[in-house]
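Q: When you get a sec, could you give me coordinates for this:
(2 chains)
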Amino acid sequence: MEILVCVKRVPDTAENEIEINSDGNDIERDDLVYSVNEWDNYAVEEAIQIVDKVGGSVTVVTVGDDESEEVLRREMAMGAEKGILLSDDAFEGSDGKGIATALKAAVEKGSYDLIFTGAQADDGAAQVGGMLAAMLDYPYASLVNLIEPGDGKLKVGREIEGGNQEINEIELPCVLSIQTGINEPRYVGIRGIRKVASVEIPTLGASDLGLDAGSVGEGAAKVRRVDYFMPEMGEGAEMLEGSTEEIIDKLIELLKAKGGLK
Amino acid sequence: MAQQIADRRDVDFVLHEQLNVAELSKHEKYAEFNKKTVDLIVSEARNLAVKEILPTRKEGDDEGVKFENGEVIVPECFRKPFELLREGEWTAMPEDPEWGGQGMPRAVTMAAAEYFNGANYAFMMYSGLTHGAGKLVEAFGTDEQKKLYLKKLFTSEWGGTMLLTEPEAGSDVGALTTKAVKNDDGTYSITGQKIFISSGDHDLVENILHPVLARIEGAPAGTKGISLFAVPKYRVNPDGSIGEFNDVKCVGIEEKMGIHGNATCTMSLGEKGECLGTLLGDENKGMRAMFLMMNEARLLVGMQGYSCATASYINSVNYAKERLQGRNLLKMLDKDAPAVPIIQHPDVRRMLLTMKVYVEGIRSLLYYVGWLEDKADTVDDEAEKDKCHGLIDILIPIAKGYVTDRAFDVCSLGMQVYGGYGYIKEYPQEQLLRDCRITMIYEGANGIQSMDLLGRKLGMKKGKLVMDLMGEIMVAISAGKVDEKTKAFAEKVEQALNKLGEVAMHLGKTAMSEKILDAFAFSYPFMEVCGDVVMAWMLLWRANVAAGAIEKAKKKDVAFYDGQLKSAQFFCNTILPTTLGKMNAILATDSAIMDIDEASFNG
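A: Numbering: from 1, shown residues only, chains lettered A, B, ... in the order given. Here you go, the predicted model:
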């Protein structure tokens, strides 16, 4: 099974205090600490586990600048065999569709049975996986939390409302967006890091991918971010006092009054 | 969310901007370790430390080690991170890959170790002691011993310890009484009791190798008659499989002030006369073996103490920025003024800046000592190699003795910044203080470190070590003098260094005179002023780097580099003056300490 996993370099929310820039249209990105989008680690782990079971190889791909190479290398240290960096000035300012366009071109340059994305990115809109599938005209399942490989098809579990799970059968090739919790991503050890220390990661630009520069980047973007703001702090919490019974009564009263209970 | 354990920006600063560790990759030995690889290693060490080890710090402390039916049981939460540490092969980072190591530069190892130990060093002691035992086997073992033990130790598949201390032989190792009697097959039957054995027995591994110091029957008294033996918990068959029990067992564990997650064992050897060991190294050369390993062990203890300090500091900064308490001093009369984060209060800032300068200075010092090893390994010139080893030798008592003293001070301030919350168990500060305290005692109490500095290191190679150290400090002073931003600091450090030269000369001479006891009564203050000057050096070195980088720096880096200049300013102007005062006291070498009659110590 040849698996391509699309990964993204995102600001590490555990490490940064996010500030909005002076124009109010983005966050301050200059000094952020970046890491691999958390969902993507689950996707790469799942891909490695499938390949361990049925053979094949895992390739990781990302759209970004030179610095994005670090996330590819990290995922390769985890166990992905190959990495591809899609990088070009023409990609700058792409919306989700622009990113999916670049990824589609990368998919078509290879021969993959299965394409994973994370279910969403820390700084994203959970759109690329679905768009990529549509552009490729591949079947798609989102929020995938179980995969059982079969012959030419997969059994796929999806997380649905209320903590329930639905099981689908899906034909290959397909695109799946992977939900956290599907596995326990492995930690990266030193041996893995040493192994990828001097591996060359190929970089492909728009022309290498056969893309018209006008189909990606800021010019092609149909979604534009217009504002960023911190929500205003609401009123402080109301502490209910009294015995447990009294508190319960007051809580029910409040829930009824505010429409939470009918 | 704020950072935990250690400040990554500062870790990167020391590795890449102060020491330029990626330069090491130009040498074949470290070719793999370019900047990207180093960064990835530090990131992944931190990732494992924060996600898997840090959560065990408090839990391991609360649960502690249990001793039941002769078995030592570690806190349950240690099992998973121990396996992850092994799987990631983090247990012998700088060692030879042939034996399960990763061949990593020691300077980089320091950064990974800071995250791991800062997360929970009581936990890290299981693999840490094992690594130390492995080093002994590597240095002194026969091919057979290496084949049986070395890879198992470096990969922490088996455990390792160091059986040195006995009830009547602590600082005075020469007094030990554990006995070895040679058998016809060349093995030795060992009998005796050892105390205070860290990780002496536990259930994380299936076998444990104890390097044991013992006296062969008929050997001379004192340190000259001590030999080192390899004594496994379970005997090991020639094919490497585990054989029968070797009559070495834990008979009790200590209740301690801190590091509750680590087993401190009393070990009994040969109660049934069936404890067999093989000689590790030559007969009666056990102390020599110990000395060869001592630098590394002492550096590790410096790292342990320091790791508590770095964690305590980062917690304190985070807390002081969030904790609202009291009005800003300038608005004291305004009853409606809001409570402000306590980082605005002058005395809290004093505490934080004091913590900052020591944490930064010590980080640089410990990584630098690691880097000196790397440099020694990668230069061809023998004189240069010797110089690196000499610098390590003279810095070790400071990297252990001075560092753990200051680390404890930092942890105490870290508690103080939290106020009453610092003293209660709900917050991490009190545990860091407790855990830190033992590092001032074990692996050569800090008083012993100061005697080592004055009595051995100062006069070694006719004073060449000290001269080389002063030469290195002068490099930073000269560099600092050419930039207006650092000139004043460089001059202050130079003044302190010159005076330290005078103090060293005076105390060295006094130690050779009839006033030798008076000299040694000041060995500790001498270690302190040496340490202060080394801190000043490291902070000046940092400031020099920052001064060169600040103008072209990005926004957040401007604050970081300015923080380096402020650290140097604070240390030079607020702490160094007291160092000069302490030097005056040493130069006076007042005799009260030795003059006072023992009967006069109490009524």
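Q: Neighbours of the residue nearest to A:I190 when sequence neighbours are not counted, how many?
A: Nearest residue to A:I190, sequence neighbours excluded (C-beta to C-beta, 6 or more residues apart in numbering or on different chains): B:Q102, at 4.5 Å. Backbone N, C-alpha and C define where each C-beta goes, glycine included. B:Q102 has 25 neighbouring residues, counting by other C-beta atoms under 10 Å in any protein chain shown.
Q: Ok, B:V482 next?
A: Neighbour number of B:V482 under other C-beta under 10 Å is 11.
Q: phi, psi of it?
A: Note on B:V482: its backbone torsions stand at phi -90, psi -10 [degrees, to the nearest 10].
Q: pretty sure the residue nearest to A:I190 is touching B:T91, no?
A: No - at 9.3 Å, B:Q102 does not count as touching B:T91 under the criterion of C-beta atoms under 8 Å.
Q: Now the common contact residues for these two.
A: Listed as contacting both B:Q102 and B:T91 by C-beta atoms under 8 Å, 6 or more residues apart in numbering or on different chains is no residue at all.
Q: Near chain B, which residues of chain A? Just list them.
A: Residues of chain A found near chain B (C-beta under 8 Å from any C-beta of the partner chain) are A:13-15, A:17, A:30-31, A:33, A:35, A:69-70, A:73-74, A:77, A:186-191, A:193-194, A:197-198.
Q: Which of the residues in stretch B:389-401 are classified as buried?
A: Buried residues in stretch B:389-401, counted by 16 or more other C-beta atoms under 10 Å in any protein chain shown: B:390-401.
Q: for chain B, longest helix please?
A: In chain B, with assignment by DSSP state H, the single longest helix is helix B:286-322.
Q: so what secondary structure elements neighbour it?
A: helix B:106-140, strand B:208-216, strand B:226-232, strand B:339-341, helix B:346-378, helix B:382-397, helix B:403-417, helix B:429-437 (3 or more C-beta pairs under 8 Å, 6 or more residues apart in numbering or on different chains; DSSP states H and E).
Q: Next, the angle helix B:286-322 makes with the longest one.
A: Just to be clear, that refers to helix B:106-140. If you take axes from the mean of the first three to the mean of the last three C-alpha atoms, to 10 degrees, helix B:106-140 sits at 160 degrees to helix B:286-322.
Q: So is helix B:106-140 next to chain A?
A: No - shown here: helix B:106-140 not in contact with chain A (C-beta under 8 Å from any C-beta), separated by at least 8.5 Å.
Q: So which bits of the helix or strand following that helix are buried?
A: Of the helices and strands lying after helix B:106-140 in sequence (DSSP states H and E), the nearest is helix B:143-145. Neighbour counts over helix B:143-145 (16+ other C-beta under 10 Å) mark B:Q145 as buried.
Q: Might you name the residue of the stretch 101-250 of chain B sitting closest to chain A?
A: Residue of the stretch 101-250 of chain B nearest chain A, by C-beta to the nearest C-beta: B:Q102 (4.5 Å).
Q: roughly how far apart are the residue nearest to A:I190 and A:R194?
A: Distance, B:Q102 to A:R194, using C-beta to C-beta, to the nearest Å: 7 Å.
Q: repeat for B:V558
A: Relative to A:R194, B:V558 is positioned 35 Å away (criterion: C-beta to C-beta).
Q: Looking at the two, which is more packed in?
A: A:R194 (20 against 16).
Q: so who does the closest residue to that one other than its chain neighbours touch?
A: Among residues not flanking A:R194 along the chain, B:E32 sits closest, at 5.2 Å (C-beta to C-beta, 6+ apart). The contact partners of B:E32, by C-beta under 8 Å, 6+ apart, come to A:194, A:197-198, B:25, B:103.
Q: Could you pick out the buried ones from the residues you listed?
A: A:194, A:197, B:25, B:103.
Q: wait, doesn't the last one sit right on B:E95?
A: This points to B:G103. Yes - with contact defined as C-beta under 8 Å, B:G103 reaches B:E95; the gap is 7.3 Å.
Q: for the residue in the stretch 51-200 of chain A that chain B sits nearest to, phi and psi?
A: Taking C-beta to the nearest C-beta, chain B has its nearest neighbour within the stretch 51-200 of chain A at A:G189, 3.3 Å off. The phi and psi torsions at A:G189 (degrees, to the nearest 10) take the values phi -100, psi 170.
Q: pLDDT score assigned to it?
A: A:G189 carries a pLDDT value of 94.
Q: How about A:M230?
A: For A:M230, the pLDDT comes out at 80.
Q: In strands, which of the buried ones among the contacts of B:E32 fall?
A: Of the buried ones among the contacts of B:E32, none are assigned to strands by DSSP state E.
Q: Lowest-confidence one in those?
A: Within the buried ones among the contacts of B:E32, pLDDT is lowest for A:A197, at 87.
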